[in-house]
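Q: return a 3D structure for these sequence lines:
(one chain, ligands or ions: 1)
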Amino acid sequence: MSRIVLGITGSIAAYKAADLASQLTKAGHEVTCVLTKGALEFVTPLTLATLSRRPVVTDLFAEKEGWQPGHIQLADDADLLLIAPATANVLASMAHGFANDALTAIALATRAPILIAPAMNGKMWLHPATLKNVETLKGWGAQFIEPAEGLLACGYEGVGRLAPVEEILAAVQALLNKGGA
Ligand SMILES: Cc1cc2nc3c(=O)[nH]c(=O)nc-3n(C[C@H](O)[C@H](O)[C@H](O)COP(=O)(O)O)c2cc1C
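A: Modelled structure (predicted):
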């Protein structure tokens with residue numbers, strides 16, 4: 001059993017995170033879903049709490065009782081931070097060290113491996129700003145599951161689709177096996 005923080009951001013692919021949360025939980029992992037404000041436009045905390053069988057985090061300032069900030073505890077306890085789907089916005093925030101919501105604060109505070117599965121419009125993915133942000137994050141040790149090609153929700157054909165859930169699950173397992181978590 002590993003402790004996985006599943007970061008979900010404001011992409012149209014966010015509904016696929018429900019499947020990820022469900023499958024990782026069924027595989028025996030403890031999954032804590034952390035949603036950005038953007039993610040809340042696409043999926044409900046109720047869905048994710050039910051599938052992960054745990055409370056979800058949606059607000060950095062809604063702390064549970066206790067002396068230790070909940071986001072720091074999550075960051076410290078995690079065996080893996082998986083962000084799927086990851087928006088262009090969250091990649092930019094992380095590449096610049098911003099911590100203005102629970103997910104980016106956890107990303108900055110954790111020393112667990114970080115696995116990122118981006119999803120976005122192909123032009124956003126191939127923009128020099130995004131490419132640079134990905135390069136920066138890779139330089140700091142983050143691992144990426146590259147987006148797939150196909151018909152995008154925005155109507156374009158090209159690269160930017162969230163990698164298939166099975167591919168993300170395989171990458172999670174490989175990383176956890178490597179770390180012995
Ligand atoms: C219908 C719709 C779909 C979107 N899909 C994506 C997406 O797949 N990837 C992305 O980077 N941004 C997407 N966006 C834009 C993000 O929601 C927006 O940049 C938001 O600020 C991201 O916030 P977050 O990164 O904090 O979740 C979409 C916006 C809308 C309205």
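Q: ok, whichever residue of the chain sits closest to the ligand - contacts?
A: Closest residue of the chain to the ligand, Cβ to the nearest ligand atom: residue 38 (2.6 Å). In short, each C-beta sits where N, CA and C put it, glycine included. Neighbour list for residue 38: 9-11, 87, 89 [criterion: Cβ atoms under 8 Å, 6 or more residues apart in numbering].
Q: so can I have JSON lines of those residues showing pLDDT, neighbour count and distance to the ligand?
A: Below are those laid out as JSON lines (pLDDT from 0 to 100; neighbours: other Cβ atoms under 10 Å; distance: Cβ to the nearest ligand atom, whole Å):
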{"residue": "9", "pLDDT": "98", "neighbour count": "30", "distance to the ligand": "3"}
{"residue": "10", "pLDDT": "98", "neighbour count": "18", "distance to the ligand": "3"}
{"residue": "11", "pLDDT": "97", "neighbour count": "29", "distance to the ligand": "3"}
{"residue": "87", "pLDDT": "98", "neighbour count": "23", "distance to the ligand": "3"}
{"residue": "89", "pLDDT": "98", "neighbour count": "19", "distance to the ligand": "3"}
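Q: quick one: which two of those are the most distant?
A: Using Cβ to Cβ, the contacts of residue 38 span at most 9.5 Å, a distance reached by 11 and 89.
Q: where does pLDDT dip in this protein?
A: Residues of the chain that meet the criterion pLDDT under 70 lie in 64-67, 180-181.
Q: which residues of it fall in helices?
A: 15-26, 45-52, 70-77, 88-95, 102-109, 122-126, 128-139, 165-179 (DSSP state H).
Q: residue 20 touches residue 166, doesn't it?
A: No. Assessed by Cβ atoms under 8 Å, residue 20 is found out of contact with residue 166, at 10.2 Å.
Q: so between those two, which is more surrounded?
A: The neighbour comparison of residue 20 against residue 166 (other Cβ atoms under 10 Å) goes to residue 20, with 26 against 10.
Q: residues touching the more buried one, list them.
A: With Cβ under 8 Å, 6+ apart, residue 20 has these contacts: 6, 82, 84, 165, 168-169.
Q: so which of the residues you listed wins on neighbours?
A: Busiest of the contacts of residue 20 [other Cβ under 10 Å] is residue 82, holding 30 neighbours.
Q: what residues are bridge-paired with that residue?
A: Here residue 82 sits in beta bridges with residue 6, residue 115, going by DSSP bridges.
Q: show me the beta-bridge partners of the closest residue to residue 24 other than its chain neighbours.
A: Closest residue in space to residue 24, ignoring its immediate chain neighbours: residue 31 at 4.9 Å, by Cβ to Cβ, 6 or more residues apart in numbering. Residues in a beta bridge with residue 31, per DSSP bridges, are residue 4.
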